[in-house]
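**Student:** Could you work out the structure for the sequence below:
(4 chains)
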Number of protein chains: 2
Amino acid sequence: METRELRYFVAVAEELHFGRAAQRLGMAQPPLSRAIQQLERRLGVSLLDRTSRTVTLTEAGSVLLREGRAALDAVDAADRRTRRAALAANGDSPGLVLVTKAGASSELLAELLDAYAAEPGAVAVDVVLCGIGQQERLLRDGRADVALLHRPYDSTTGFDTEDLTTEGQVLILPAGHPLAGRAHLRMADVTALPDLPMPRWPRRDGTYPDGPGPEVRDHAQLLQLIALGRAAAVLPESARTHLRRDLATVPVLDAPQVTTVIAWPPHSRSRALAGLVRTATALAAASLEPASP
Amino acid sequence: METRELRYFVAVAEELHFGRAAQRLGMAQPPLSRAIQQLERRLGVSLLDRTSRTVTLTEAGSVLLREGRAALDAVDAADRRTRRAALAANGDSPGLVLVTKAGASSELLAELLDAYAAEPGAVAVDVVLCGIGQQERLLRDGRADVALLHRPYDSTTGFDTEDLTTEGQVLILPAGHPLAGRAHLRMADVTALPDLPMPRWPRRDGTYPDGPGPEVRDHAQLLQLIALGRAAAVLPESARTHLRRDLATVPVLDAPQVTTVIAWPPHSRSRALAGLVRTATALAAASLEPASP
DNA sequence: GGGCATCGATACCCCGCAGGTATCGATGCG
DNA sequence: CGCATCGATACCTGCGGGGTATCGATGCCC
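**Tutor:** Numbering: from 1, shown residues only, chains lettered A, B, ... in the order given. From the prediction side, this is the model:
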């Protein structure tokens, strides 16, 4: 199977429309049709059910969509990491690319960057702040070397990780809300707030689940909506530090603990990455035992 | 980057010889040379340093060798899993392929297969017994769905895992050996056995590390050598059950604990696999608390 | 229900490139 | 110094990837 065929199939499987897929690929529709037929013939498998009006994935087709994306990411990663290795060998030390969600763990990140920069042999660290759910992708296809993720929100499957910090969660709500004065809450209290529904985050494919809450794409939007009294949200307590004045927080005792982890692709061999991870774990251990000798 | 180019490069990088690589690929040498040049030009990166007598990998080349192998495995996995999904959809339920080392964890495996077969909706499970260090590969390129691995011997990076059992290790030695009567030993005692050196296992690439011990490829060979008084070995205590009469075992108190884990590729979606994993973890939990209601 | 627009499949053509053979040029060795 | 080895170069050929034109099926709308 060639990557070209995989790219073609993924495009068609995502668009479910040969014409649009061909357009996206910058080619005409007939050769695309032929390439997909050829792929199906070579695999001996029917990937798409097509009438002249609709295209749908077969069972096998949806498997190939998932596996094919992963394979293409792996090929992209090989490409990018090879280029970067060549730069590194030429002395143009390319540094590390660290990716994390915008508006999360900022103190931890600042501490980490400071501590790492003070290490001997430290290289430059580019910080990429990306939208929700994008980190995995960047890490998988080689655009980033390392990420800060938050379990259980982010999936860490397929990566090596080290736990850094664990924290509880707090409910964020408008300052004037009746619940704002409470010392603490339970999840049952939170889900029973008809006037302040939980916002809906986009799924991987960019669509939103159904529900009463407003649709949000990032933290700034979210906080704005909360300030307007249109929503409430449960976030890790570290979010509290940088919160606007017009928002209140109340600990939610039985919300799941959120663990910030540092994650990187398995079988990475970079000395710089190893140093950053070592610094991060040392920092985490130190903050657990502040009275160490 | 096309998979064809990657396959060519991996072949050359492994052989470090264009002629042999071309032979392995079933093609002539000149087009291979050209393809590699073209790959280097497209990447803008020098991958190989070649004189007319020797070929060596550059820094970037060894990165591409590692990443390229992973990418090719991912492509192979996409191929195989798509084919299997098509079989499954046709009603030819292909079952699951479980891979484990020959001669390890046999009771656990038997229990697991029995318990799973009794579950409603269980599918057939093919068991593949493979050589040391081959499981990872099979799991990564789609030839197997699930594996029983043994930490810390096997690397589990890049897979999802659940711990099943943990056990200590024992020294295996000829029945007549002076140490055979001891109640227990320490690692220091074991490494100080000049007459019974530890055997040497092959590395990933099939070569052996240097050292005094004999070279072994599987457990049968190993046990034969021990019976002959030519070696001793430290193995998980579960190995004891199926041991030959002419071998003795002594617990090694400070040897690292060995954990048997069930491992599968991340983002697997198979119901059958989920059922097998559930059965395995339930079994492990039950054996920890045999007095459950 | 018939005309029509939409969309994937088919037919046919062309040229780029993958792969082959012959040969060159460099290099280590006896 | 001649020779064997091995990668690079030169040149040729055929397959197949990609293009345009068109067909055939199907849902839609008046």
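
**Student:** what does stretch A:158-165 rub up against?
**Tutor:** Stretch A:158-165 has contacts (Cβ atoms under 8 Å, 6 or more residues apart in numbering or on different chains) with A:108, A:139-140, A:147-149, A:259-266, A:268, A:277, A:280-281, A:283-284, A:287, B:157-160, B:266-267. (C-beta placed from N, C-alpha, C; glycine too.)

**Student:** and with 7 Å instead?
**Tutor:** Stretch A:158-165 has contacts (Cβ atoms under 7 Å, 6 or more residues apart in numbering or on different chains) with A:108, A:139, A:259-266, A:277, A:280-281, A:284, A:287, B:157-158, B:266.

**Student:** Relative to DNA strand C, how far out is A:Thr100?
**Tutor:** For A:Thr100, the distance to DNA strand C equals 39 Å [Cβ to the nearest atom of the strand, to the nearest Å].

**Student:** Could you confirm that residue falls within a strand?
**Tutor:** Yes. Assigned with DSSP: H, G, I helix; E, B strand; the rest coil, A:Thr100 falls within a strand.

**Student:** Show me the domain layout of chain A.
**Tutor:** Domain assignment for chain A by automatic domain parsing gives A:3-77, A:96-158+A:260-287, A:169-252.

**Student:** Figure out which of those domains is closest to B:Pro178.
**Tutor:** B:Pro178 lies closest, by Cβ to Cβ, to one member of these: domain A:96-158+A:260-287, at 43.5 Å.

**Student:** Specify which residues of chain A, grouped into ranges, have pLDDT under the cut-off.
**Tutor:** The model of chain A has pLDDT under 70 over residues A:91-93, A:103-105, A:204-206, A:288-293.

**Student:** For A:Ser270, what are phi and psi?
**Tutor:** phi -70, psi 130 (degrees, to the nearest 10).

**Student:** so what's it up against?
**Tutor:** A:Ser270 is in contact with A:Asp145, counting by Cβ under 7 Å, 6+ apart.

**Student:** how close does the residue most central in space within chain A sit to B:Gln224?
**Tutor:** Closest residue to the average C-alpha location of chain A: A:Gly133 at 2.8 Å, with Cα atoms, centre = their mean. Separation of A:Gly133 from B:Gln224 (Cβ to Cβ, to the nearest Å): 54 Å.

**Student:** count of residues packed around the nearest residue to A:Trp264 once chain neighbours are set aside?
**Tutor:** Leaving aside its chain neighbours, A:Trp264 sits nearest to A:Val146 (4.6 Å; criterion: Cβ to Cβ, 6 or more residues apart in numbering or on different chains). When neighbours are defined as other Cβ atoms under 10 Å in any protein chain shown, A:Val146 has 23 of them.

**Student:** Pull the contacting residues for A:Val146.
**Tutor:** A:Val146 sits in contact with A:96, A:98, A:262-264, A:273, A:276, where contact means Cβ under 7 Å, 6+ apart.

**Student:** swap in A:Lys101?
**Tutor:** A:132, A:135.

**Student:** same question, the one 10 residues further on
**Tutor:** If a contact means Cβ under 7 Å, 6+ apart, then A:Glu111 has A:Leu283 as its contacts.

**Student:** Could you pull out the helices in the stretch 51-200 of chain A for me?
**Tutor:** A:59-89, A:106-117, A:135-140, A:187-191 (DSSP state H, counting those that start in this stretch).

**Student:** List the buried residues of stretch A:159-171.
**Tutor:** Using 16 or more other Cβ atoms under 10 Å in any protein chain shown as the burial criterion, the residues of stretch A:159-171 that qualify are A:159-160, A:164-165, A:167-171.

**Student:** do stretch A:227-245 as well
**Tutor:** Across stretch A:227-245, burial judged by 16+ other Cβ under 10 Å covers A:227, A:231-236, A:238-239.

**Student:** So what would you say the end-to-end distance of that stretch is?
**Tutor:** Its start and end residues considered, stretch A:227-245 measures 9 Å (Cα to Cα, to the nearest Å).

**Student:** Specify which member of the buried residues of stretch A:227-245 is nearest to B:Pro202.
**Tutor:** For the buried residues of stretch A:227-245, the nearest to B:Pro202 is A:Pro236 (47.1 Å; Cβ to Cβ).

**Student:** from memory that closest one sits against A:Glu167, does it?
**Tutor:** Yes. Between A:Pro236 and A:Glu167 a contact is recorded at 5.2 Å, counting by Cβ atoms under 7 Å.

**Student:** shared neighbours, these two?
**Tutor:** Counting by Cβ under 7 Å, 6+ apart, the shared contacts of A:Pro236 and A:Glu167 are A:Val258.

**Student:** what about whatever residue of the stretch 51-200 of chain A ends up closest to DNA strand C, neighbour count?
**Tutor:** Closest residue of the stretch 51-200 of chain A to DNA strand C, Cβ to the nearest atom of the strand: A:Ser52 (4.2 Å). A count of neighbours around A:Ser52, defined by other Cβ under 10 Å, yields 5.

**Student:** Also the one 10 residues further on?
**Tutor:** Here the neighbour count serves as a burial measure; for A:Ser62 (other Cβ under 10 Å) it reads 16.

**Student:** A:Met1 now?
**Tutor:** 18.

**Student:** In contact with it: list those residues for me.
**Tutor:** Listed by Cβ under 7 Å, 6+ apart, the contact set of A:Met1 reads B:3, B:75, B:78-79.

**Student:** Check the gap between it and DNA strand D for me.
**Tutor:** From A:Met1 to DNA strand D the distance is 11 Å (Cβ to the nearest atom of the strand).

**Student:** and what of A:Leu173?
**Tutor:** 45 Å.

**Student:** thinking that residue is in contact with A:Ala248, fair?
**Tutor:** Yes. A:Leu173 is in contact with A:Ala248 according to Cβ under 7 Å; the separation is 5.8 Å.

**Student:** Can you tell me how far the residue nearest to A:Trp264 is from A:Val75?
**Tutor:** From A:Val146 to A:Val75 the distance is 21 Å (Cβ to Cβ).

**Student:** And A:Pro94, by the same measure?
**Tutor:** For A:Pro94 relative to A:Val75 (Cβ to Cβ), the value is 20 Å.

**Student:** For these two, work out which one has more neighbours and name it.
**Tutor:** A:Val75 (25 against 17).

**Student:** which residues touch the more buried one?
**Tutor:** A:3, B:1, B:71.

**Student:** just A:Gly275 next, same as before
**Tutor:** A:Gly275 touches A:116, A:119, A:121-122, counting by Cβ under 7 Å, 6+ apart.

**Student:** Show me how to select, in PyMOL, the buried members of these.
**Tutor:** Of those, the buried ones go into a single PyMOL selection, burial set by 16+ other Cβ under 10 Å:
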select buried, chain A and resi 116+122
